[in-house]
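> Predicted structure and sequence below. I'll ask about it afterward.
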Amino acid sequence: MTEGPTDHPTDRSSGAGGTTPPPLTVAASLAGVQGLVLLMLAVLELASVTDSRPGVAVSTAVFFGAYGAVLTAAALALWRRHGWARGPVLITQLIVLGLAWNLREQILIAVGLAALGLVVIAAVIHPATIAALDGSTEHPDDSGDPDGPDGSGRPGGGS
């Protein structure tokens, strides 16, 4: 027993175009993988607690777990086109680039981390991603005016 349409404009996970732009998909997916890796590191750190320094292992595990949870949530929010998620994802990539620089002695790891960070940064600042995130709360065809902004009956305008 439903009353009215079930597709409310704020319930949509996709924007005005109906599809998720590929750069947004790339950014959200890679950030999600990074978050899951941090969560796995937290579990591995807890599994390796020793009697000599339990405080260090537990605090490191808590840090990795909290950061992994926040990054995973940000990746999911980015996928759902919430603009706030851009910040945590971008900050994480800057940390990844710093880590790559710090690990420059291990060239394969450093290049892999740097490439990952640069790809996610490029995807997050891509114009299609920015447009999709800016349109997450308002869609051009949801202005409330059935005739469009200029009365022509078209959402985009008169001519």
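Nice, I can see it.
> low-confidence ranges in this structure?
1-18, 136-159 (pLDDT under 70).
> again, only using 90
Along the chain, segments meeting pLDDT under 90 span 1-20, 48-57, 135-159.
> now the helices for it?
For the chain, applying DSSP state H gives helices covering 22-47, 54-79, 86-102, 107-124, 127-134.
> I'd like a version of those helices in JSON lines, one that adds mean neighbour count as further columns.
C-betas here are computed from N, CA, C, even on glycine. Listed next are those as JSON lines, based on neighbours: other Cβ atoms under 10 Å:
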{"stretch": "helix 22-47", "mean neighbour count": "18"}
{"stretch": "helix 54-79", "mean neighbour count": "17"}
{"stretch": "helix 86-102", "mean neighbour count": "16"}
{"stretch": "helix 107-124", "mean neighbour count": "16"}
{"stretch": "helix 127-134", "mean neighbour count": "16"}
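> List the contacts of residue 92.
Residues in contact with residue 92 (Cβ atoms under 8 Å, 6 or more residues apart in numbering) are 31, 34, 71.
> I'd like to know how far the last one sits from residue 38.
Using Cβ to Cβ, to the nearest Å, residue 71 is found at 6 Å from residue 38.
> Over to residue 57?
From residue 57 to residue 38 the distance is 15 Å (Cβ to Cβ).
> picking up where we left off before, ok, the contacts of residue 92 vs residue 111, which is closest?
Nearest to residue 111 among the contacts of residue 92 is residue 34, at 16.7 Å by Cβ to Cβ.
> Contact partners for the residue nearest to that closest one when sequence neighbours are not counted?
Nearest non-adjacent residue to residue 34, counting by Cβ to Cβ, 6 or more residues apart in numbering: residue 71, 5.8 Å away. Going by Cβ under 8 Å, 6+ apart, residue 71 touches 31, 32, 34, 35, 38, 88, 89, 92.
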